[in-house]
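Trainee: Next comes the sequence, and after it the predicted model I'd like to discuss.
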Amino acid sequence: MDPFAVIFDMDGVICHTNPYHAKAFEQFFDKYKIPYTEKEFEEHMYGKHNSYIMTHFFKREIIGKELQQLEEEKESLFREIYQQEVVPLPHYLPFLDDLKSAGFKTGVATSAPLANLKLILDSLQIDAKMDSLMASEDVSQHKPHPEVYLKSAEKLGVSPNACVVFEDSFSGVTAALNAGMKVVGVLSSHSREELPPCSLYINDYREINATRVLNLLQH
Ligand SMILES: O=P(O)(O)OC[C@H]1O[C@@H](O)[C@H](O)[C@@H](O)[C@@H]1O
């Protein structure tokens with residue numbers, strides 16, 4: 001049988017980090033006197049890369065060194081707030097073990113920086129269970145561009161149509177569909193109506209197992 005894989009987005013898919021990202025952004029934007037609303041966070045922050053987020057909220061193009069500095073400032077704040085709070089989404093760890101027992105290759109593809117990925121994987125001790133790790137630094141074009149998913153498939157040695165992606169955001173689902181992959185929508189931060197059409201939706205990992213994922217690949 002040809003190899004098959006599951007690729008996980010991170011924020012909102014492995015851990016429910018968005019409330020902590022919101023806290024970090026509130027402190028960060030207050031310092032720069034930038035206005036924001038909860039609705040704006042949902043539409044312009046969840047699952048987006050910092051280049052998009054900063055440019056949207058500062059209302060001018062933020063690139064290069066300035067982007068690097070602002071990103072480092074906000075993401076350090078996030079890691080400080082979140083480091084004592086790292087918990088996976090309900091039943092994520094047994095689901096990951098189920099996938100490994102069924103022979104799946106597994107990877108993570110996030111728009112967050114490598115330091116955030118490291119914090120989460122180290123805290124959950126799942127680093128050794130992942131065959132591919134891709135963070136913001138690994139790509140030149142961010143979600144909704146498919147680069148991070150296509151590169152992950154290449155690293156895993158699995159063709160895109162044999163990959164199932166777990167995603168929770170509009171730009172993330174779009175990226176995975178653009179890569180030609182099947183998508184399971186994780187409803188941690190958005191309702192199904194707010195996401196592009198997915199093959200399946202789950203609220204948490206009690207609702208899925210390796211057999212169901214294999215079925216998705218066969219249809
Ligand atoms: O892991 P994902 O969903 O690609 O998300 C990454 C981004 O998710 C957002 O919600 C954060 O505010 C960003 O700072 C972060 O980089």
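Mentor: Now that the structure is in, tell me what you want to look at.
Trainee: hey, let's count contacts and neighbours off CA atoms from now on
Mentor: Fine.
Trainee: What residues of the longest helix anywhere in the chain count as buried?
Mentor: If you go by DSSP state H, the chain has its longest helix at helix 64-82. The neighbour-count check on helix 64-82 (16 or more other Cα atoms under 10 Å) flags Leu67, Leu70, Glu71, Lys74, Glu75, Leu77, Phe78, Arg79, Tyr82 as buried.
Trainee: quick check, nearest of those to the ligand?
Mentor: The closest of the buried residues of helix 64-82 to the ligand turns out to be Glu75 (Cα to the nearest ligand atom; 6.6 Å).
Trainee: Check that closest one and give its pLDDT.
Mentor: Glu75 carries a pLDDT value of 97.
Trainee: near the ligand, which residues of this structure show up?
Mentor: Residues of the chain lying close to the ligand by Cα under 6 Å from any ligand atom are 9-11, 18, 21, 45-50, 110-112.
Trainee: and those as CSV, adding secondary structure?
Mentor: Listed next are those as CSV, based on DSSP: H, G, I helix; E, B strand; the rest coil:
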residue, secondary structure
Asp9, coil
Met10, coil
Asp11, strand
Asn18, helix
His21, helix
Met45, coil
Tyr46, coil
Gly47, coil
Lys48, coil
His49, coil
Asn50, helix
Thr110, coil
Ser111, coil
Ala112, coil
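Trainee: Looking at pLDDT only, which of the residues you listed scores worst?
Mentor: For the residues of the chain next to the ligand, the pLDDT minimum is Gly47, 87.
Trainee: right, and it touches Thr174 too?
Mentor: No - with contact defined as Cα atoms under 8 Å, Gly47 does not count as touching Thr174 (11.2 Å).
Trainee: of these two, who's got more company?
Mentor: Applying other Cα atoms under 10 Å to Gly47 and Thr174 shows that Gly47 carries more neighbours, namely 28 against 21.
Trainee: quick one: the more buried one from Gly157, how far?
Mentor: Going from Gly47 to Gly157 by Cα to Cα, to the nearest Å gives 26 Å.
Trainee: Among the residues of the chain next to the ligand, the buried ones, what's the PyMOL command?
Mentor: Only the buried entries of the residues of the chain next to the ligand go into this PyMOL selection, using 16+ other Cα under 10 Å:
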select buried, resi 9+10+11+18+21+45+46+47+48+49+50+110+111+112
